[in-house]
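>>> Here is a sequence together with a model predicted from it:
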Amino acid sequence: MGALPFICQHFGNSLFPPARNIPYAKHSSSNKSTRSITQIVPLLILASSLLVFSYMKPSTLAPTPQSLGDEIQAYVVERQSKLLASGEASRDGRRFSWCGDILDFLTEGLDERLAARDITFTNAFPGPLRLMDEEQQPNGQHVRRFWTIALHRGCPIARICTLFFHRHDQVKLPQPPRVVAYTLDHQDGEEHA
């Protein structure tokens, strides 16, 4: 994955070969002058440059791992505020039968919200359920780590870990999930979040 971020961030006009003086015939019944491709290619390059420039507006720059992690955490907190105090239902009447239903509720709609800004994930957020990513604490609380990679316009920008705190003997979460975003080259992410 090392070369992919470079390729994704590299914009140049190396895709445009040098123009050659290749004539083409203008289709007309009259015998008007012949144009060369050297007269057309600069216009095409200018047009494509304008498209690339408009594509790279400051509002569409890739977020940093930190800003993306903060945004996802804020979304989860916003959704958490829609739970009843009991933690077993939402304010709109949705009931939860186990803690995993709550995690689904807290993350519901996030993929779509971020996709509107060209941010997607390699695995739907929060990531796949892997049995090896759960540890049980002495107090009976469990911590599960979900991992995925965030992409901006198809280019990897961050490794996202969601720490899901729960108990197997109750539906209510003992504490809200915590989202941690790492740079792509972070070495000890999956083992020590």
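Noted; the coordinates are in hand. Numbering: from 1, shown residues only.

>>> End to end on stretch 177-186, go ahead and measure it.
Start-to-end span of stretch 177-186 (Cα to Cα, to the nearest Å) is 21 Å.

>>> got the buried residues for that stretch?
Using 16 or more other Cβ atoms under 10 Å as the test for burial, stretch 177-186 gives 177, 179-182, 184, 186. (C-beta placed from N, C-alpha, C; glycine too.)

>>> Break down this structure into its helices, ranges please.
Assigned by DSSP state H, the helices in the chain fall at 3-9, 37-55, 65-80, 99-107, 110-115.

>>> can you tell me which residues contact the nearest residue to D92 once chain neighbours are set aside?
Nearest residue to D92 in three dimensions, chain neighbours excluded: K82, at 7.2 Å (Cβ to Cβ, 6 or more residues apart in numbering). Neighbouring residues of K82 by Cβ atoms under 8 Å, 6 or more residues apart in numbering: 90-92, 105.

>>> what does Q136 give?
H142.

>>> how close does it get to H166?
For Q136, the distance to H166 equals 11 Å [Cβ to Cβ, to the nearest Å].

>>> Ok, D101 next?
Using Cβ to Cβ, D101 is found at 11 Å from H166.

>>> more neighbours, those two?
Set D101 next to H166 and count neighbours by other Cβ atoms under 10 Å: H166 wins out with 22 against 16.

>>> contacting residues for the closest residue to the more buried one other than its chain neighbours?
Among residues not flanking H166 along the chain, C99 sits closest, at 4.0 Å (Cβ to Cβ, 6+ apart). C99 makes contact with 164, 166-168, 170-173 under the criterion Cβ under 8 Å, 6+ apart.

>>> cool, A89 as well?
Taking Cβ under 8 Å, 6+ apart, we find A89 in contact with 83, 95-96.

>>> Any of those buried? List them.
Judged by 16+ other Cβ under 10 Å, buried ones among the contacts of A89: 83, 96.

>>> Any chance of TSV for the contacts of A89, columns distance to L131 and pLDDT?
Formatted as TSV, those follow (distance: Cβ to Cβ, whole Å; pLDDT from 0 to 100):
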residue	distance to L131	pLDDT
L83	27	95
R95	27	96
F96	22	95
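
>>> Of the contacts of A89, which is the nearest to G109?
L83 (14.8 Å; Cβ to Cβ).
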